[in-house]
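1. Give me a model of this one.
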Amino acid sequence: MNLLYSIAIRSYSGAIAIASLFGNKKAQLWWNGRKKQWDNLKSINKNDEWIWVHVSSLGEFEQGLPVIERLKQDFPKYKILLTFFSPSGYEPRKNFQLADKVAYMPSDTMSNAIKLVKNFNIKAAFFVKYDFWFNYMKVLKKNNIPLYYISALLHKDHYFFKPYASWFRRQLKNVTHYFVQNDDTAKLLNSININDVTITGDTRFDRVYEIAKQSQSFPEIESFINGRQCIIAGSSWQSDEKLLIPFSKKMPDNYCLIIAPHDISDSHINQIVSQLDDYVLYSQLTKDNGKHKVLVINTIGILKKIYKYARFAYVGGGFMSSIHNTQEALVFGCPVVIGPKYHKFVEAVDLVNNKGMFSVNNQKEFENIFEQLMNDETFYNKASETCKNYVKLSVGATDKIANYLKSKL
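-> Predicted coordinates:
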């Protein structure tokens, strides 16, 4: 089975190489970024001791960041090797200053895993959420290097728990300790005789909580809002905008809407604004031209900082494969409206059940919940308080991990 797995990994890398030849930009970044990877993946001083943190993409980086910060604080003698699987994580964070080296993770072959461990004097490794790479896991175990999973999250329908997956389940035993998001994940691991598990919650709550405390101001956006109630739609896709844009045209005068689309390419921004009657682009926003109904954010990096201006939020992706980050809004006490595909996220399931977050399936449900959050103060206040209390109970995962590691590193 290990041979078949390794063949599959090589076949996947080959498929990406072919896609890059046919002009796929993400595949080109993935492939070109790994062409001379071993020039970068070397430890200059053989006496250096390293902690390796691996994340898949940008979302997992945000989950790993509070732990990286704590590792630098509590264990300053170790250098940090940070690797990414995806270009969408590596490209924005390739100059991340808290890491001593940032690189793409070489493909998960046995030879690559042996070479990486040989090149660095790794004292511990941390993988985030559910990025399982079995050859790396095996080599780390063989070299007595502890491997920890941060914010791990598994579901009963995951392939690990299928009858045919005994080989995959055995690989999970190569992990030293799992820091998991919820009780369900802990029970699933316990059911296959993995008991080195601590329920910590999601470290990303620690990250967004710190961002909320910094509370940067945006005078132009404050001028745009101009005393009105504000709805913020974050990480929207076209399927979300089909709901948002018609609603924006019948909002009362004491409300405004900020749309921050997931795709900020010129073509997508033009597609949005072509359907709007009264809008301004963020790139053209000044204190003097903010008297519009809709603000379209056509830049990246500010969404998580401006949710503080929202009465409530809509977070996109739920009509695609899955919702985007809701925690960035929740930390400000914003009730959140989402599409139907949210079940992979613990906080979404919990808050939909407790009526701090609301899932909609169509335009009618979308408009009904928007109008209720706009007009029913009792309903709104209860939803907002539910979100605030949930965040208060959710922060602290990093402290739990750090306390465990003090006796290990």
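2. in the stretch 51-200 of the chain, which spans are helices?
-> Along the stretch 51-200 of the chain, counting by DSSP state H, counting those that start in this stretch, helices occupy 58-74, 87-93, 110-119, 134-142, 166-171, 183-191.
3. Surely K305 and Q216 touch.
-> Yes. Between K305 and Q216 there is a contact at 5.1 Å, judged by Cβ atoms under 8 Å. Every residue, glycine included, has its C-beta placed from N, CA and C.
4. Please identify which of these two sits among more neighbours.
-> Neighbour count, other Cβ atoms under 10 Å: between K305 and Q216, K305 has more, with 17 against 9.
5. so P261 makes contact with V296?
-> Yes. Between P261 and V296 there is a contact under Cβ under 8 Å: 7.5 Å.
6. Give the residues shared as contacts by these two.
-> Each of I269, I272 lies in contact with both P261 and V296 under the rule Cβ atoms under 8 Å, 6 or more residues apart in numbering.
7. just for the stretch 251-400 of the chain, where's the confidence low?
-> In the predicted model, the stretch 251-400 of the chain carries pLDDT under 70 at residues 290.
8. Recalculate using a threshold of 80.
-> Counting by pLDDT under 80, the stretch 251-400 of the chain has low-confidence residues at 287-290.
9. what do you get for the stretch 1-150 of the chain?
-> Under the criterion pLDDT under 80, the flagged ranges of the stretch 1-150 of the chain are 44.
10. Strands of that one, start to end?
-> Counting by DSSP state E, counting those that start in this stretch, the stretch 1-150 of the chain has strands at residues 50-55, 79-84, 101-104, 122-128, 147-152.
11. In TSV: these, plus distance to G227 and mean neighbour count.
-> Converted to TSV, these look like this (distance: least, Cβ to Cβ, whole Å; neighbours: other Cβ atoms under 10 Å):
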stretch	distance to G227	mean neighbour count
strand 50-55	41	24
strand 79-84	43	23
strand 101-104	44	20
strand 122-128	42	23
strand 147-152	39	25
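12. Give me the secondary structure label for the residue nearest to F218 when sequence neighbours are not counted.
-> Excluding the flanking residues, the one nearest F218 by Cβ to Cβ, 6 or more residues apart in numbering is I306, at 6.1 Å. Under DSSP: H, G, I helix; E, B strand; the rest coil, the three-state class of I306 is helix.
13. What residues sit buried inside stretch 223-239?
-> Of the residues in stretch 223-239, F224, I225, R228, Q229, C230, I231, I232, A233, G234, S235, S236, W237 count as buried by neighbour count, 16 or more other Cβ atoms under 10 Å.
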